[in-house]
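Q: Here is a sequence with its predicted model. Questions after.
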Amino acid sequence: MESLVNSMVFRANIYKHTSFMRGILTKKSKSTNQNSVILRLQNVSKSFGTVKALDDVTLDIRAGEILSILGENGAGKSTLMKILSGLYQPTSGDVFVDKSWFDNGDNNGNLEIVKLENPRFSMKLGIGMVYQHFQLVEPFTVVENVTLGNEFVTRRILLDEETAREEVKKVSEKFGLPIDPDAIVEELPVGLKQRVEILKQLYRDAELLILDEPSAVLTPSEVQELFKTMNNLRAAGKSLIFITHKLAEPLEVADRIVVMRGGKMVGETTPDKADREKLAEMVVGKKIMKKLDRLTVKDPKTVLKVENLFVRDDKVTENYLVEDVSLTTHTGEIVGIAGVQGNGQPELLETIMSLRPTHDGTISLNENGETHDITHDSTIDIIRHGVAYIPEDRSSSGLVLDLKLNENIWLGFHGNRKQAITYTKEILPEEEQDVSELKEDQLSPIEKVTHNYFLPNRVIDWMSSHIVDLFKVKTSGIFANIRSLSGGNQQKVLVGREFAKHPKLIVAAEPSRGVDIGVQTQIHEELIRMRNEGVSILLASSDLEEVLALSDHLLIAFDGKIVASGAMDSFTLSEISQYMTTGMIEEVKK
């Protein structure tokens, strides 16, 4: 009996202690004043060797507000957030905090210097980071993920799952984030996985939440749910920092918008005083193209034809990832595929590139008036037919991260020497072009077999330097390991390499993923330029605005099928949204 009482007392103490740490029982409700500063970065700089990532940044974060931070890749946003989350220490400058607000919600206006010496200290203070790439244990349940590292226990060793489940329910109900606590995380859609990440921070009583590109992987409806969540958190007295590259989003949900460029704060505005054009100009530092001019291509020819394509699921063979899909692209045309992620778009493009096997159906390519059945061709043979490919995941399918930048450029041409020579002639002075060619009669027997896979070093280096300059890739040089580049700069290398191939067809999945507005504009301009020159483009993107801005012809994917097809101007935005979210197969446009 005594041991039972001791166990109950211990359990109660653990419950009280953990609740106190999270503030569920002890922290009183906030009555925030939105003008009060609860955290200030003052004259903060951060250097990595000779590179200055942050340059004398001063920024106030206020109680109960949503602050959006915009900026190009390399502008310093991530470095700033890593200082707040305790991952980095500033080279100079100070961080001031209103500890009273973080502790009990009182805005006494007293700011004191703190050293955010590590992530544990920042979390204990009340700063929570929700990363773009989720930090979840997929096979665990929601409760197990939320409480991981801060579990309820009995007898010091046994997990108290019942109490944990009840506490997670309390937090989810308090902040309007309904979710099944017993659901397995790997079975949840992306939007709910993100909700679990937010719950993890709220469970630990985060008062300032940093959301890093939270809408990057969400559907339009999930984005609206996210905004609803953000507004609920603000209403509950939380402060939020919202990092995004989508210009329309801060205009919809933020209270303030600050812009960073080159490691500095260059501007601040509010949604009622700005629009997308103004924000884009602030981010880039100059006016950007507002309209993509298109030329009418005379006598368009069929380039790619997909007929009744079926692609099976690797894991569940009776399921189809792509089901009875037919489509056609023409010269001088961009065919865009709109759809919620997970409806077969990447699998369709991977199958066209022979990265997935075709279960049934045919894929043909028209080249110089001749039709080639490429259904069962190898990927390298398809590339030799004049097809460029921008994969959805650059890390696993587009680049080899352990190779150098110039070696990754070479990989795009190693099976097609002719493409490389053509590109080199365009960028080199005439007197230097001879080094890029070898006459057939000068080749040894082995070279005649292998020379298509080898290029002179100078050719590779010239091509790499040209692509780096053209796309303003931020790198220490063409011999830098590609892994050392930011994700956005890796994307620039990939896109620049594929565009350099003078393709007849571009198969592009997420061409501007992870890049800033300036580079996105450049990529869009290049796509339109190539379209105007007769290149055929098949584009799939989770960014609906990108698809709508670029496409001449629209396909809408739902559950592995194309449920609607037509010219861009034949759809309303409402119709597109309905097709994307419900399929509406009975009303498919012809």
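A: On my side now, so go ahead.
Q: Can you classify the residue nearest to Leu39 when sequence neighbours are not counted by secondary structure?
A: If the residues on either side of it in the chain are set aside, Leu39 comes closest to Ile61, at 4.3 Å by CB to CB, 6 or more residues apart in numbering. All C-beta atoms are positioned from the backbone trio N, CA, C, and that covers glycine. Following DSSP: H, G, I helix; E, B strand; the rest coil, the label given to Ile61 is strand.
Q: burial of Ile61, as a residue count?
A: For Ile61, the number of neighbouring residues by other CB atoms under 10 Å comes to 22.
Q: Would you mind confirming that it makes contact with Gln42?
A: No - between Ile61 and Gln42 there is no contact under CB atoms under 8 Å: 11.9 Å.
Q: buried set for stretch 169-188?
A: By 16 or more other CB atoms under 10 Å, the buried positions in stretch 169-188 come out as 171-172, 175, 177, 179, 181, 185, 188.
Q: ends of that stretch, how far apart?
A: This stretch, stretch 169-188, spans 17 Å end to end (CA to CA, to the nearest Å).
Q: And stretch 283-302, by the same measure?
A: So stretch 283-302: terminal residues 40 Å apart, CA to CA.
Q: And stretch 212-226, by the same measure?
A: Terminal-residue distance, stretch 212-226 (CA to CA): 13 Å.
Q: got it, and stretch 103-110?
A: 13 Å.
Q: mind checking which helix or strand of this protein has the lowest mean pLDDT?
A: Using mean pLDDT, DSSP states H and E, the weakest-scoring helix or strand in the chain turns out to be helix 2-22, at a mean of 41.
Q: Mind picking the two most distant members of the buried residues of stretch 169-188?
A: Phe175 and Val185 (18.8 Å; CB to CB).
Q: which intervals of the protein have sub-threshold pLDDT?
A: 1-34, 105-108, 151-159, 216-217, 219-220, 286-292, 315-317, 414-456, 514, 585-590 (pLDDT under 70).
Q: how's it carved up into domains?
A: Annotated domains of the chain cover 10-284, 289-386+502-590, 398-498 [automatic domain parsing].
Q: How about Met81, nearest residue that isn't a chain neighbour?
A: Ile210 (5.4 Å).
Q: For beta bridges, what are the partners of that neighbour?
A: Met129, Ile241 (DSSP bridges).
Q: check contacts around Glu268.
A: 256-259 (CB atoms under 8 Å, 6 or more residues apart in numbering).
Q: related to what we said a few turns ago, correct me if wrong: the residue nearest to Met81 contacts Gly128.
A: Yes - using CB under 8 Å, Ile210 is in contact with Gly128, at 7.0 Å.
Q: Buried ones in stretch 521-540, by neighbour count?
A: So, applying 16+ other CB under 10 Å, buried residues of stretch 521-540: 521-524, 526-528, 530-531, 534-540.
Q: from those, which is closest to Thr358?
A: Leu538 (16.2 Å).
Q: element containing that closest one?
A: strand 536-540 (DSSP states H and E).
Q: same question, Val44
A: Val44 belongs to strand 37-48, assigned by DSSP H and E.
Q: Partner strands of that strand and their direction?
A: Short version: by DSSP bridges, strand 37-48 pairs with strand 51-62 (antiparallel), strand 92-97 (antiparallel).
Q: From the rest of the structure, what touches it?
A: With CB under 8 Å, 6+ apart, strand 37-48 has contacts from 52-63, 76, 79-80, 83-84, 88, 90-98, 101-102, 107, 109, 111, 207-208, 239.
Q: ok, now stretch 481-494?
A: So stretch 481-494 is contacted by 73-74, 390, 394-395, 398-405, 408-409, 467-468, 471-476, 512-516, 519 (CB under 8 Å, 6+ apart).
Q: Only the buried residues of it, if you could.
A: Buried, per 16+ other CB under 10 Å, within stretch 481-494: 482, 485-486, 488-494.
Q: which of those lies closest to Lys301?
A: Leu494 (27.9 Å).
Q: Please report the distance of the closest one from Lys501.
A: 12 Å (CB to CB, to the nearest Å).
Q: Repeat that for Thr379.
A: 14 Å.
Q: Who has more neighbours out of those two?
A: Between Thr379 and Lys501, counted using other CB under 10 Å, the more crowded position is Lys501 (20 against 15).
Q: Touching, the more buried one and Ile390? I think so.
A: No - counting by CB under 8 Å, Lys501 sits too far from Ile390 to count as a contact (11.1 Å).
Q: what's the overlap in contacts for these two?
A: Counting by CB under 8 Å, 6+ apart, nothing touches both Lys501 and Ile390.
Q: Which strand residues bridge the nearest residue to Thr582 once chain neighbours are set aside?
A: The shortest distance from Thr582 to any non-neighbouring residue, by CB to CB, 6+ apart, is to Phe558 (7.6 Å). Beta bridges link Phe558 to Lys561, judged by DSSP bridges.
Q: Please give me every residue in contact with Phe558.
A: 339-340, 343, 579-580, 582-583, 585.
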